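In: have a look at this prediction, sequence included:
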Amino acid sequence: MNPIVKILLFMFSCVLTNNYIFSRFLGVCPFLGVSNKVETAFGMGLAVTFVMALASLFTYFVYYYVLIPLNLAYLNTIAFILVIASLVQVVEMFLKKSAPSLYSALGIYLPLITTNCAVLGVTILNITEGYDLLYSVLNGTFGALGFLVAIVLMAGVRERLESAKISAPLKGFPISLVIAGLMSIAFLGFSNMFAGVM
Amino acid sequence: MAQYLPILYAIVALGGLGILFGLVLGVADKKFAVEVDERVSAVRAAVSGANCGACGYAGCDAYAEAVVRGDAKANACTPGGARSAKAIAEIMGVNAEARAPMVARVRCQGTCERVTARFDYSGVHSCRAVSGISGGPNACEFGCVGFGECLAVCAFDAIQMIDGIAVIDDDACTGCGMCVGVCPRNIIQMLPKDQTVVVMCRNAATGKRAVQQCKTACIGCKRCEKACPSESIKVVNGVALIDDNTCTRCGACIPVCPMHCIVNFYERNAESETSVTAQAELLDS
């Protein structure tokens, strides 16, 4: 198959069919925590995108040029966490300087990107799936864009729900989980979409 | 020796990575350093944190910044009171006059039994809406209509509706003044907490007409005016008004009021938790 077509298909499958939230159930904490407003959800999505893309890049080098030559592949989790934590720190400093309003809106969820399992999930999957550098970075970037799509959609729904009449037992968190489940089912429709062509 | 090499590698590799990232972060920290005036955070910590807006700024953060810029006074935080003012003054190195603690007073005691009803209202649950309908469902056009618009804006849960009128909990009230603006009847007033003698009525009607409207209406008889030794209570537009600057809080006006609409809050609070019940007992006796 034409490599460019293959890359395009890979990108689409990262966003839709292998969506980190809806099909792998990774990164659900910020997905529920920061999806109150579309604006902050978008900011969170972009921050996660940035961290995931760079984490994919750096962990590739750390894994194949430091850990593998030294026979330390078993240390990948702790080494990757180190990379991710440092990246999050940089993002935090950058946002504090350049977008203070977004910084205060994200609040505690910004440093919590460190423990966002989707970020670690991407880097570990890059290794287990045996992706090369290009595919690792694509997986990180577009996987994160899938996260962005999911969290912005969720925020849109939740903004509408603000004015909806919801019965008391379902109000707040329960209805959010119901919505997340329904959205996950909707995204199930994308599965095997590219099965025939890839 | 050779069997320990992998452990050494692991330590060196992870330690090296850690030091490398640490150095990068250190450089980034210098590069992205944001100069935050530490006084801003200190002032922010000293204020109440209720974001009530009584100071006239958008919130506690905005107020703290304004204080440090020199635009706002140190004693503007009403909920924080004297404690905040003192703390802020210390941070900023200025002398702040402590502001007398204020408390909101709902100047009405027209409970459901005392005020005469004119019609049944079953519409929008809002003081503003009901006040617009031919003077409201109560015969008294001046008193509390009891839908609790003030209760909804109170950030400190200091207002409750008892028997159809708003009652302020003195201990919970921080004097932010949010309730004053929303009352369509203008019966809530900010008074110094030590102003214990309050005329609890705003009814401008006089004599028989006032009595027909409410059992505790000020009828404008001027007996309080004559009883006051410091001449600080005056009947203006048919309703008694106390000048809290000259009032000595002696309470001479209280026993002479035939309608029991002047109240001593000090005694009233001492008597009962819910001040309205105490007042009701007083009336029944």
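Out: Right, received. Where do you want to start? Numbers count the residues shown, from 1 in each chain, chains lettered A, B, ... in the order given.
In: now do stretch B:182-201, average pLDDT.
Out: Stretch B:182-201 comes out with an average pLDDT of 87.
In: likewise for stretch B:156-169?
Out: Across stretch B:156-169, the average pLDDT comes to 86.
In: list the contacts of it.
Out: Here stretch B:156-169 makes contact (Cβ atoms under 8 Å, 6 or more residues apart in numbering or on different chains) with B:50, B:79, B:103-106, B:108-113, B:115, B:143-144, B:146, B:148, B:150-151, B:172-174, B:176, B:179, B:188, B:274-277. Where you see a C-beta, it was placed from the backbone N, CA and C, and this is true even at glycine.
In: try it again with 6 Å
Out: Outside stretch B:156-169, the residues that touch it by Cβ atoms under 6 Å, 6 or more residues apart in numbering or on different chains are B:104, B:106, B:108, B:111-112, B:144, B:146, B:148, B:150-151, B:172-174, B:276.
In: quick check: of those, which has the highest neighbour count?
Out: B:C108 (31 neighbours; other Cβ atoms under 10 Å in any protein chain shown).
In: for B:E141, see how far away it is.
Out: 12 Å (Cβ to Cβ, to the nearest Å).
In: again with B:D163
Out: Distance, B:D163 to B:E141, by Cβ to Cβ: 19 Å.
In: re earlier: could you dump the contacts of stretch B:156-169 to JSON lines with secondary structure?
Out: Below are the contacts of stretch B:156-169 laid out as JSON lines (DSSP: H, G, I helix; E, B strand; the rest coil):
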{"residue": "B:A104", "secondary structure": "strand"}
{"residue": "B:V106", "secondary structure": "strand"}
{"residue": "B:C108", "secondary structure": "coil"}
{"residue": "B:T111", "secondary structure": "coil"}
{"residue": "B:C112", "secondary structure": "coil"}
{"residue": "B:C144", "secondary structure": "coil"}
{"residue": "B:G146", "secondary structure": "coil"}
{"residue": "B:G148", "secondary structure": "coil"}
{"residue": "B:C150", "secondary structure": "helix"}
{"residue": "B:L151", "secondary structure": "helix"}
{"residue": "B:A172", "secondary structure": "coil"}
{"residue": "B:C173", "secondary structure": "coil"}
{"residue": "B:T174", "secondary structure": "coil"}
{"residue": "B:V276", "secondary structure": "helix"}
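In: and which of those residues is nearest A:S56?
Out: Minimum separation from A:S56 among those (Cβ to Cβ) is found for B:T174, which lies at 51.6 Å.
In: show me what the strand or helix carrying B:P255 is packed up against.
Out: Using DSSP states H and E, the element containing B:P255 is helix B:253-256. Other helices and strands packing on helix B:253-256, by 3 or more Cβ pairs under 6 Å, 6 or more residues apart in numbering or on different chains; DSSP states H and E, are helix B:223-227, strand B:262-264.
In: by mean pLDDT, show me the worst of those.
Out: The weakest mean pLDDT among the helices and strands packed on helix B:253-256 belongs to strand B:262-264, with a mean of 85.
In: what are the contacting residues of that one?
Out: For strand B:262-264, the surrounding residues in contact (Cβ under 6 Å, 6+ apart) are B:T196, B:V197, B:V198, B:V199, B:M200, B:G251, B:C253, B:I254.
In: and the furthest pair within those?
Out: Spatially, the most separated pair among the contacts of strand B:262-264 is B:M200 and B:G251, at 13.8 Å (Cβ to Cβ).
In: low-confidence stretches in chain B?
Out: Chain B contains residues with pLDDT under 70 at B:35-36, B:94-100, B:266-285.
In: excluding chain neighbours, what is closest to the most centrally placed residue in it?
Out: The residue lying closest to the centre of chain B (Cα atoms, centre = their mean) is B:G175, at 3.2 Å. Ranked by Cβ to Cβ, 6 or more residues apart in numbering or on different chains and with sequence neighbours excluded, the top spatial neighbour of B:G175 is B:M102, at 3.5 Å.
In: next: B:C154.
Out: If the residues on either side of it in the chain are set aside, B:C154 comes closest to B:C179, at 5.8 Å by Cβ to Cβ, 6+ apart.
In: can you tell me the SS state at that neighbour?
Out: Following three-state DSSP, the label given to B:C179 is helix.
In: quick one: it and B:V106, what's the gap?
Out: Distance of B:C179 to B:V106, computed by Cβ to Cβ: 8 Å.
In: what of B:A172?
Out: In terms of Cβ to Cβ, B:A172 sits 14 Å off from B:V106.
In: quick check: residues of chain A near chain B?
Out: Applying Cβ under 6 Å from any Cβ of the partner chain, one finds that chain A approaches chain B through A:V66, A:L70, A:L72, A:L82, A:S86, A:Q89, A:V90, A:M93, A:F94, A:K96, A:K97.
In: quick check: ChimeraX command selecting the buried ones in those residues.
Out: With 16 or more other Cβ atoms under 10 Å in any protein chain shown as the criterion, this ChimeraX line picks the buried residues out of the residues of chain A next to chain B:
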select /A:66,70,72,82,86,89,90,93,94,96
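In: please identify which of the residues of chain A next to chain B is nearest to A:V152.
Out: Nearest member of the residues of chain A next to chain B to A:V152, counting by Cβ to Cβ, is A:F94, at 21.2 Å.
In: what's near enough to touch the closest one?
Out: Counted by Cβ under 6 Å, 6+ apart, A:F94 has contacts B:F32.
In: what strand or helix carries it?
Out: A:F94 is part of helix A:76-98, with elements assigned from DSSP H and E.
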